[in-house]
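Asks: The following comprises the amino acid sequence and a computationally predicted model.
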Amino acid sequence: MDRVIKDVATQFPNTVAVHSRTQANTFFFGDILFCLYNAIDLSLYEFCKKPNNNTLAWAGRISPENGLEDALKVSELTELKVRIFGAIQDEKYWDSIRASFQNKLFLEYVGFLMTSQFQQELRQCRAILGPVIS
């Protein structure tokens, strides 16, 4: 499989991407892979030393591979509300999440926001729980 990926990356530069140089270096051809650096332009985000609320944030596509239920379990354990930012990609999955946590006060769906509004909302949260795909 690595050889096929290398062939595609060689024939079509900048079409095979990784999230970090560390991830790229797991391949013997890592130097030819395009690095997204998690695709977040940090210059658009301002640090907030003292958030105005005691909530957690979760940001990502709402789909099974992003593990939203794990974030909601963290929310339950910490007794902190989690504010959910992102587009609902899988309605059935979202419905199952809401059913599983319907009696909980720990979840608030905010939706998909433009970067400027997202930044203002996100910076007020105590911590960010992000999807990690392995």
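Replies: Everything's here; your move.
Asks: Please count neighbours and contacts with C-alpha atoms only from this point.
Replies: Noted.
Asks: quick one: least confident helix or strand in this protein?
Replies: Every helix and strand in the chain was compared by mean pLDDT, DSSP states H and E; the lowest is helix 21-24, with a mean of 84.
Asks: So which bits of that one are buried?
Replies: Residues of helix 21-24 classed as buried: residue 24 (neighbour count, 16 or more other C-alpha atoms under 10 Å).
Asks: so where do the helices sit in this structure?
Replies: Per DSSP state H, the chain carries helices over the ranges 2-11, 21-24, 68-78, 91-100, 115-122.
Asks: which residues touch the longest one?
Replies: Right, helix 68-78. 56, 58, 62, 81-82, 97, 106-107, 129, 131 (C-alpha atoms under 8 Å, 6 or more residues apart in numbering).
Asks: With distance to residue 33 and neighbour count as added columns, please give those in JSON lines.
Replies: As requested, the contacts of helix 68-78 are arranged in JSON lines below (distance: C-alpha to C-alpha, whole Å; neighbours: other C-alpha atoms under 10 Å):
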{"residue": "56", "distance to residue 33": "33", "neighbour count": "25"}
{"residue": "58", "distance to residue 33": "28", "neighbour count": "22"}
{"residue": "62", "distance to residue 33": "27", "neighbour count": "23"}
{"residue": "81", "distance to residue 33": "38", "neighbour count": "21"}
{"residue": "82", "distance to residue 33": "35", "neighbour count": "27"}
{"residue": "97", "distance to residue 33": "35", "neighbour count": "17"}
{"residue": "106", "distance to residue 33": "40", "neighbour count": "20"}
{"residue": "107", "distance to residue 33": "38", "neighbour count": "23"}
{"residue": "129", "distance to residue 33": "27", "neighbour count": "19"}
{"residue": "131", "distance to residue 33": "22", "neighbour count": "17"}
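Asks: By pLDDT, rank these and give me the bottom one.
Replies: Lowest-confidence member of the contacts of helix 68-78: residue 131, scoring 63 (pLDDT).
Asks: Okay, domains of the protein per the record?
Replies: Domain segmentation of the chain under automatic domain parsing yields 2-39, 42-129.
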